[in-house]
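Q: this one's sequence-less:
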């Protein structure tokens with residue numbers, strides 16, 4: 001054991017976070033090394049000074065936000081993988097990336113379309129089809145540029161295409177599910193479409209994908225009607241799903257719509273004994289700008305058993 005290792009781990013020693021064997025070796029090293037003993041003494045003095053300061057309790061909103069950020073980080077952080085994965089093609093992971101990357105999916109669609117044209121061109125003996133398909137005005141989303149080549153009749157027009165399509169099936173159909181979750185997550189769609197999608201998702205909130213989409217809608221949708229509908233589908237899961245509880249708690253503390261906040265307050269009633277919920281109610285009962293929220297928070301706190 002060298003001095004560098006000891007000085008990097010002396011804080012873990014102070015907070016009893018070292019394994020017994022490492023702790024014993026560090027103590028043996030400090031007995032014969034003055035520099036490391038001085039470092040330990042300095043950190044012990046700093047720890048004593050910090051312990052003498054009053055402990056500040058975090059606000060309920062800060063605690064709820066921190067919990068949600070931690071939960072999101074845990075969900076999105078890729079698990080450690082061995083070095084060999086760098087050189088091995090994983091089709092499953094690649095397809096998952098394509099699924100959630102519209103730009104990459106568009107590139108693949110264009111490549112596939114181009115490959116099909118190439119195959120058809122080869123099948124015709126290197127000749128292009130005599131009658132190419134006509135461009136339908138209904139499929140054009142807009143003209144982006146027009147370029148006339150000098151001294152010629154050649155014109156290059158770039159345009160965007162809109163190809164409407166539809167799919168029919170039951171709510172158990174994977175295609176239907178994908179489109180419903182996409183609609184619920186997209187603020188680009190009109191609010192009526194988002195409300196319809198969220199309404200259908202509330203029929204199966206036990207499905208993890210549907211519940212995740214509803215949670216996203218509650219937290220991020222710009223329309224309060226959509227958020228209220230999502231809250232209605234999630235309220236029965238505040239006990240068993242910590243992510244749902246955190247999202248509802250965030251809505252109670254930070255949503256701009258009083259109706260959504262009131263609905264979140266009611267939804268959290270079954271878990272009012274939770275420390276985060278209790279702290280939020282204490283904060284709201286004292287300083288919330290809404291008289292209704294203050295009164296209801298006070299009522300909830302008064303109905304709770306006293307904690308000694």
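A: Here it is on my side, so go on. None of these values were measured; they are calculated from a predicted model.

Q: and stretch 15-25, average pLDDT?
A: Stretch 15-25 shows a mean pLDDT of 82.

Q: list the buried ones in it?
A: Buried positions in stretch 15-25, judged by neighbour count with 16 or more other C-beta atoms under 10 Å: 18, 22. (Glycine included, C-beta is placed from N, CA and C.)

Q: Compute the first-to-last residue distance for it.
A: Start-to-end span of stretch 15-25 (C-alpha to C-alpha, to the nearest Å) is 16 Å.

Q: which residues sit in contact with residue 251?
A: Residues near residue 251 by C-beta atoms under 8 Å, 6 or more residues apart in numbering: 218-219, 227, 231, 260-261, 263-264.

Q: all helices of the stretch 151-300 of the chain, in order?
A: Using DSSP state H, counting those that start in this stretch, the helices of the stretch 151-300 of the chain run over 174-185, 191-201, 208-220, 224-234, 242-254, 258-267, 275-287, 291-302.

Q: Dump those to TSV, plus mean pLDDT.
A: Formatted as TSV, the helices of the stretch 151-300 of the chain follow (pLDDT from 0 to 100):
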stretch	mean pLDDT
helix 174-185	84
helix 191-201	86
helix 208-220	90
helix 224-234	92
helix 242-254	92
helix 258-267	93
helix 275-287	90
helix 291-302	91
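
Q: from what I can see residue 257 touches residue 225, true?
A: No - at 9.2 Å, residue 257 and residue 225 do not qualify as touching, with contact defined as C-beta atoms under 8 Å.

Q: quick revisit: dump the helices of the stretch 151-300 of the chain to CSV, plus distance to residue 47.
A: Shown next, in CSV, are the helices of the stretch 151-300 of the chain (distance: least, C-beta to C-beta, whole Å):
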stretch, distance to residue 47
helix 174-185, 46
helix 191-201, 50
helix 208-220, 39
helix 224-234, 43
helix 242-254, 32
helix 258-267, 40
helix 275-287, 26
helix 291-302, 36
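
Q: Looking at these, which is nearest to residue 147?
A: Taking C-beta to C-beta, helix 174-185 is the member of the helices of the stretch 151-300 of the chain nearest to residue 147, at 35.0 Å.

Q: now that closest one against helix 224-234, angle please.
A: If you take axes from the mean of the first three to the mean of the last three C-alpha atoms, to 10 degrees, helix 174-185 sits at 130 degrees to helix 224-234.

Q: which parts of helix 174-185 are buried?
A: Residues of helix 174-185 classed as buried by neighbour count (16+ other C-beta under 10 Å): 177, 180-181, 183-185.

Q: count of neighbours near residue 160?
A: Neighbour count of residue 160, defined by other C-beta atoms under 10 Å: 10.

Q: That one pairs with what?
A: Taking DSSP bridges as the rule, residue 160 bridges to residue 142.

Q: hang on, isn't residue 238 packed against residue 245?
A: Yes - between residue 238 and residue 245 there is a contact under C-beta under 8 Å: 4.7 Å.

Q: what residues are shared contacts of these two?
A: With C-beta under 8 Å, 6+ apart as the test, residue 238 and residue 245 both reach 268, 271.

Q: buried residues in stretch 235-255?
A: By neighbour count on 16+ other C-beta under 10 Å, the buried set for stretch 235-255 is 235, 237-238, 241-253, 255.

Q: Residues in contact with stretch 261-278: which ones?
A: Outside stretch 261-278, the residues that touch it by C-beta under 8 Å, 6+ apart are 60, 63-64, 67, 228, 231-232, 234-235, 238-239, 245-246, 248-249, 251-252, 255, 281, 290, 292-293, 296-297, 300-301, 304.

Q: Which one of the buried residues of helix 174-185 is nearest to residue 14?
A: Ranked by distance to residue 14 (C-beta to C-beta), these are led by residue 185 at 46.0 Å.

Q: Apart from its chain neighbours, what residue comes closest to that closest one?
A: Leaving aside its sequence neighbours, residue 185 sits nearest to residue 216 (C-beta to C-beta, 6 or more residues apart in numbering; 5.4 Å).

Q: now residue 222
A: Once flanking residues are discounted, residue 222 sits nearest to residue 187: 5.3 Å by C-beta to C-beta, 6+ apart.

Q: Just give me the neighbour total for that neighbour.
A: Residue 187: 13 neighbours (other C-beta under 10 Å).

Q: so it makes contact with residue 221?
A: Yes - using C-beta under 8 Å, residue 187 is in contact with residue 221, at 6.5 Å.

Q: tell me, what's touching the two both at once?
A: Taking C-beta under 8 Å, 6+ apart as the criterion, residue 187 and residue 221 both touch residue 194.

Q: mind listing what's buried in stretch 284-298?
A: Neighbour-count burial for stretch 284-298, counted by 16+ other C-beta under 10 Å, picks out 284-285, 288, 293, 296-297.
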